[in-house]
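K.L.:
when you get a sec, could you give me coordinates for this:
(2 chains)
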Amino acid sequence: MHAQKTRYSLSQALFHLIAIAFCAFTTIPFLLTVMVSISGESSVIQHGYSLFPDTFSWDAYRLIFSGDEIWRGYMVSITVTAIGTGLGLLLSAMLAHTMAGQKVKYRNGIALFIFITMIFNAGLVPWYIFVTKYLHLKDTLAALILPMLINPFHVFLIRNYFKSLPPALMESAEMEGAGPFYVFAKIMLPLSTPIIATVALFYSLAYWNDWGLALWLIDDRKLYPLQFILFKIQSMIHYMSTQGNLVSGSQTLPSETAQMAMVLVTIGPIILVYPFIQRYFVKGIMIGAVKG
Amino acid sequence: MKGMFKELRSNRWYYLMALPGLLYFLVFCYLPLPGVLIAFKDYNFKDGIFGSPWVGLQNFAFYFQGDYAWRTTFNTLFINANYIVVGTVIAVAFAILLNEIRTSFFRRTYQSLMFLPYFFSAVVVGNFVYLMFSSKYGLMNQFRDLLRLAPVDWYSAPGYWVTILVGVYVWKNTGYAVILYLATIVGIDDELYEAAALDGANRWQSIRHITLPLLVPTITIVTLLAVGKIFYGDFQTIYSIVGDNGLLYETTDVIDTYVFRAVKNVGDVSMPAAVGLYQSICGFLFVLGCNWAVKKMNNDNALF
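P.N.:
Residues are numbered from 1 along each chain as shown, chains lettered A, B, ... in the order given. Next up is the predicted model:
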């Protein structure tokens, strides 16, 4: 009995050790970014990136916040995320409501119409030509919002949730003369807060983190979202480092610490809310997993 | 026809609610479809999709006769296959491991920390990779220095990058997949484990003979969904890590990055459209194939 117990706690210790090692793997890049962003530039140049720098300094933050580019980037990112999430969520939920309506004869047709877009697309070039030449979205704020407004996967997720609600609730409301809009706003949405919150967070995250749309559709610096500003800085540094000595003489290189401060500026909001929102994502993934 | 109008009228509020969403899909997913004709044309902006002259299969020939078709297709499939295999094995292992951890406080904390990288954008990920592999200041070369090994100029050594990309994939996606698999494990009936324990099975044996077999359906679905997307490269991650660094194309250039460069850097659209169409068709066939496979095994889990 005693030997059994020792072996058991040994294996527990081993499990903890492996889990801790993996958690170190997932968190160290973030911690390192934090530390480099507050290191003195000289200690990076002397010892490389380090979790334990010799000298500390806020210069990197002072530098990046001195221009107005970051502030403008924040404004663009916040606007895009807010409008995109609000509008996308509303349209997705309304679609889902129609698709979950038992009386709606063409609900499966609608589902098919949406589903086809998940398994076949024309490719990026026809999309790009259409969006720029016919919709004239290039260099507009709408270019950062509209092309990813609705994620079909999330529409199906909400529909499945709506379908799982007791139909008696809607039937009794409709008996008393409530229309689909009323049922949607007063019954379906309030009863579905877990899935609505989850999808809202998935949309927000997607908008906040996106830079693909800016890469294709935005040339105007005033419309750069935060992530894309970071991407531009990063690719410039990449370019310079692969060009080696060609350009190292000129002092145009943004400092190493400023780049890391910039990373923190873009992920800061996410890190701040992460402890509070994490469980909604977990719930969403589990609902998706169980319902398939 | 009459029935259709009657249906649209009697449920008009429902259809009205669906309309904006349907318009979105119509405009952004269906209306671009005629644009695939560009693949068979020598497109110029002035004449547009329908006015530009036909060139038959010339755009496809250009792609397939060069070295690029083989290289980009191979890289796309090879990188994705590695993602699927390595990613699944590690995620399943950690899901089982977390489930074995007794204290729920630790289990939750580990799960949260593992899930964290999922929330970072591809650009931020590219930056993290740079922190690790920058030849001048990066952690990897500092580490090699400690072991008295010569530094490596990672960003000009294509041989390492499939491994690095797979490492990044595991780093970013394991947390998500662990939650998915844990949901299945938690759903397993406790009585099965109790019965096994009564028969003298130890923890390892019950994992081997109960947990793993019951995970197989979930693993199969997740894997087949991923295989269905195997023709689509991980553009955002790869492009933010590799960018326009031609030294690494040999192992990291996938169909999507190739198409992007051809459009953005070269300014050609006809040949990339052909490549995109080739990708869409192969991708579509893979989805159909995978769905057929799911159906064969378990009809309930099929997508359509």
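K.L.:
please, where are all the strands along chain A?
P.N.:
Taking DSSP state E as the test, none of chain A falls into strands.
K.L.:
where are the low-confidence patches of it?
P.N.:
A:1-8, A:238-254, A:289-292 (pLDDT under 70).
K.L.:
spatially central residue in it, please.
P.N.:
The centroid of chain A falls nearest to A:L205 when counting by CA atoms, centre = their mean (2.3 Å).
K.L.:
now do the contacts for it.
P.N.:
A:270, B:119 (CB atoms under 8 Å, 6 or more residues apart in numbering or on different chains). Bear in mind the C-beta positions are built from the backbone N, C-alpha and C, glycine included.
K.L.:
and the residue of the stretch 1-150 of chain B nearest chain A?
P.N.:
Nearest residue of the stretch 1-150 of chain B to chain A, counting by CB to the nearest CB: B:G35, 2.4 Å away.
K.L.:
secondary structure class for that residue?
P.N.:
Using DSSP: H, G, I helix; E, B strand; the rest coil, the structure places B:G35 in helix.
K.L.:
show the pLDDT at it.
P.N.:
For B:G35, the pLDDT comes out at 92.
K.L.:
A:W127 is in contact with that one, correct?
P.N.:
Yes: assessed by CB atoms under 8 Å, B:G35 is found in contact with A:W127 at 7.2 Å.
K.L.:
who's more crowded, the two?
P.N.:
Using other CB atoms under 10 Å in any protein chain shown, the more surrounded residue of B:G35 and A:W127 is B:G35, with 25 against 20.
K.L.:
ok, that one - contacts?
P.N.:
Counted by CB under 8 Å, 6+ apart, B:G35 has contacts A:122, A:125-127, A:129-130, B:49, B:273.
K.L.:
quick one: the helices in the stretch 151-292 of chain A?
P.N.:
A:152-164, A:167-175, A:180-183, A:189-191, A:193-209, A:212-217, A:226-243, A:245-248, A:256-291 (DSSP state H, counting those that start in this stretch).
K.L.:
which stretch among the ones you listed comes nearest B:P151?
P.N.:
helix A:226-243 (13.9 Å; CB to CB).
K.L.:
coming back round to it: what sits against the residue nearest to the residue of the stretch 1-150 of chain B closest to chain A when sequence neighbours are not counted?
P.N.:
Using CB to CB, 6 or more residues apart in numbering or on different chains and skipping residues adjacent in sequence, the residue nearest B:G35 is A:P126, 2.4 Å away. Applying CB under 8 Å, 6+ apart, we find A:P126 in contact with B:32-36, B:38, B:273, B:276.
K.L.:
between those, which has the most around it?
P.N.:
Counting by other CB under 10 Å, top hit in the contacts of A:P126: B:A273 with 30 neighbours.
K.L.:
tell me what the helix or strand harbouring that one is packed against?
P.N.:
In this assignment (DSSP states H and E), B:A273 forms part of helix B:270-297. Helices and strands touching helix B:270-297, by 3 or more CB pairs under 8 Å, 6 or more residues apart in numbering or on different chains; DSSP states H and E, are helix A:107-119, helix A:124-129, helix B:58-65, helix B:212-228, helix B:255-261.
K.L.:
10 Å instead, please
P.N.:
On a contact count with 3 or more CB pairs under 10 Å, 6 or more residues apart in numbering or on different chains; DSSP states H and E, helix B:270-297 meets helix A:107-119, helix A:124-129, helix B:58-65, helix B:68-100, helix B:212-228, helix B:255-261.
K.L.:
where does B:D244 fall, phi/psi-wise?
P.N.:
Backbone torsions for B:D244, taken as degrees, to the nearest 10, come to phi -100, psi 30.
K.L.:
do B:W54 as well
P.N.:
phi -70, psi 140.
K.L.:
how near is B:V269 to B:A262?
P.N.:
8 Å (CB to CB, to the nearest Å).
K.L.:
more neighbours, those two?
P.N.:
Neighbour count, other CB under 10 Å: between B:V269 and B:A262, B:V269 has more, with 27 against 21.
K.L.:
need the overlap of contacts for B:G35 and A:W127.
P.N.:
Counting by CB atoms under 10 Å, 6 or more residues apart in numbering or on different chains, the contacts common to B:G35 and A:W127 are B:G276.
K.L.:
pick out the residue closest to the middle of chain B.
P.N.:
B:D234 (5.7 Å).
K.L.:
just want the phi and psi numbers for it.
P.N.:
phi -80, psi 70.
K.L.:
list the contacts of B:M114.
P.N.:
A:19, A:22-23, A:25-27, B:91, B:94, B:98, B:171, B:174-179.
K.L.:
setting the sequence-adjacent residues aside, check what's closest to it.
P.N.:
B:G175 (3.9 Å).
K.L.:
again, but for B:A122
P.N.:
Nearest to B:A122 is B:Q236, by CB to CB, 6+ apart, at 3.7 Å.
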